[in-house]
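> Mind looking at a prediction? Sequence and model below.
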Amino acid sequence: MSDFDFEVLRRYPDVEAPNLFAYDPSDRLILAEAAEALAAAAPGQVTVIGDSYGALTIGAAHAHGLTGIRVHQDALSGELALGFNAREENLGDAYENHALDESLLSGATVVLLQLPRSLEELDDIANAIARFADPSVVVYSAGRIKHMTLGMNEVLARYFGRVDVTRAQQKSRGLIAREPRETEAPARRKQFHSDLGLWVVATGSVFAGTKVDIGTRALLAVLDQVDPNATTAIDLGAGTGILAATLAKTRPGLRVIATDQSASAVASATATMEANDLQSQVTVVRDDGLSSQPDESADVIVVNPPFHIGGAVHAGAAINLLSDVYRVLKPGGQLWAVYNTHLAYRAEMGRMVGPTTPISRNDKFTVTLAEKPLTET
């Protein structure tokens, strides 16, 4: 492990910048704490969860010659980056991707876990490990101290008989859990919003959970102005699918695609459509932005873009998400977006899509309409 150069890892195809990294010291801490267990593990006994860009998977495979590593990454960008980095290191056959289910964890004796910031997401992960992994499993997890809370210890203690805390190293700390308790599958998180007439369903890691965040509410307030002649719409970065469900519910003739790169969001949006009996009208897909959508296939795209990458405020998150909007919109198509007012997204949307008009604005959020020109300029 000591001779692996983590600096060679890239975030590609995710946003890359000098202040954004493909690994952090908590990855090193996890691998160091688990080194003895990894050296003794047989093929197929190691599971990795939450590996941002491949540091844990590639570090374990490189140091211990491991094969049959099973990996779950919520973000599709993480899967793609792991694939790229693994091929660069000739380790593409050392692992395989899985959903957060029994296929990921059955027979696992070692789990490497990059701690999520959401306690609800950690609860889902710990529950799955306790239910499906081998009874001898040991979970080696860590995170940056500034993002850790005592609630993480409490969540792990809910599912494991023993939780040990490591010494801090490079502003990171580890939590090692063993002795899984018997547990049942988690109840679905579900909430009815009477003002929208919608059920919202959420898994652990999805943004805002079952609530409706205020940015989404700002966009919901103007959806009645969306092109009345539209026949196809895309909810880009759909999360729990609130915008997609609202469009489908209020416009029965509209065909809607809800797309998100997060596996948790896709599961949430799928469940939201089922809860509202909209699954025949809304198709939910996991995608890297709009990469799988055909050229000039959508009349309308709605988006509440992210403005954080990890802990950093970075405009690249939204710009990357919107990079294919012009290609996918039909001529004359509309992009409806809401974003934090202090961010200069309007100019970017004008450059990337077409003439952009402010629709509503307050101290926190701005809603804009960008329209793709009918003819090339």
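Everything's here; your move. Numbers count the residues shown, from 1 in each chain.
> and P13, what does it touch?
Applying CB atoms under 8 Å, 6 or more residues apart in numbering, we find P13 in contact with S77, L80, A81, F84, D288. Where you see a C-beta, it was placed from the backbone N, CA and C, and this is true even at glycine.
> in the helix or strand hosting the fourth one, what's buried?
Element membership for F84 (DSSP states H and E) is helix 76-88. If you call a residue buried by 16 or more other CB atoms under 10 Å, then helix 76-88 has these buried ones: L76, S77, G78, E79, L80, A81, L82, F84, N85, A86.
> ditto for stretch 270-285
Taking 16+ other CB under 10 Å as the neighbour-count basis, stretch 270-285 is seen to contain the buried residues T270, A271, T272, M273, A275, N276, L278, Q281, V282, V284.
> Does the third one touch I242 like I think?
Yes - contact criterion CB atoms under 8 Å: T272 and I242 qualify, at 7.3 Å.
> Mind listing residues that contact stretch 199-212?
Contacts of stretch 199-212 with the rest of the structure, by CB under 8 Å, 6+ apart, involve 74, 116, 118, 120-125, 188-193, 196, 213, 216, 220, 239-240, 242, 262, 264-265, 267-268, 271-272, 274-276.
> before we move on, the earlier item: which ones among the buried residues of stretch 270-285 lie within helices?
T270, A271, T272, M273, A275 (DSSP state H).
> Can you read off the pLDDT for the first one?
What the model reports for T270 is a pLDDT of 97.
> which residue packs closest to it, ignoring adjacent ones?
In this structure, T270 finds its nearest non-sequential neighbour in V284, 4.7 Å apart by CB to CB, 6 or more residues apart in numbering.
> In contact with the one you found, which residues?
With contacts defined as CB under 8 Å, 6+ apart, V284 is in contact with A238, G241, A244, I257, A258, T259, V266, A269, T270, M273.
> Return the subset of those residues lying in strands.
I257, A258, T259 (DSSP state E).
> which one of those is nearest Y140?
T259 (33.6 Å; CB to CB).
> Report the beta-bridge partner residues of the closest one.
The residues paired with T259 through beta bridges, assigned by DSSP bridges, are L236, V285.
> Tell me, how many residues neighbour it?
T259 sits with 25 neighbouring residues when counted by other CB atoms under 10 Å.
> any idea how far it lies from A126?
29 Å (CB to CB, to the nearest Å).
> Equivalent analysis for N320, please.
As for N320, its distance to A126 is 31 Å (criterion: CB to CB).
> thinking again about what came up before, reformat the ones in strands among the contacts of V284 as a markdown table; add pLDDT.
Below are the ones in strands among the contacts of V284 laid out as a markdown table (pLDDT from 0 to 100):
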| residue | pLDDT |
| --- | --- |
| I257 | 98 |
| A258 | 98 |
| T259 | 97 |
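> Dump the contacts of V284 to a markdown table, plus distance to D164.
Putting the contacts of V284 into a markdown table (distance: CB to CB, whole Å) gives the following:
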| residue | distance to D164 |
| --- | --- |
| A238 | 39 |
| G241 | 39 |
| A244 | 43 |
| I257 | 46 |
| A258 | 41 |
| T259 | 41 |
| V266 | 34 |
| A269 | 37 |
| T270 | 37 |
| M273 | 42 |
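> so which of those comes closest to S26?
Nearest to S26 among the contacts of V284 is V266, at 26.4 Å by CB to CB.
> In this structure that closest one contacts V285, no?
Yes - here V266 reaches V285: they are 7.2 Å apart, a contact under CB under 8 Å.
> Apart from its chain neighbours, what residue comes closest to Y326?
Distance criterion CB to CB, 6+ apart; nearest residue to Y326, sequence neighbours excluded, is V353 at 5.4 Å.
> Can you report how many residues lie near the one you found?
Taking other CB under 10 Å as the neighbour definition, V353 ends up with a count of 23.
> What of I69?
The number of residues near I69, taken as other CB under 10 Å, comes to 27.
> and it, what is it in contact with?
Counting by CB under 8 Å, 6+ apart, I69 touches V46, T47, V48, T57, A60, A61, A94, Y95, E96.
> Show the pLDDT at it.
The model reports I69 with a pLDDT of 98.
> same thing with the one 5 residues further on?
The per-residue pLDDT reported for D74 equals 95.
> I appreciate the help and will end here.
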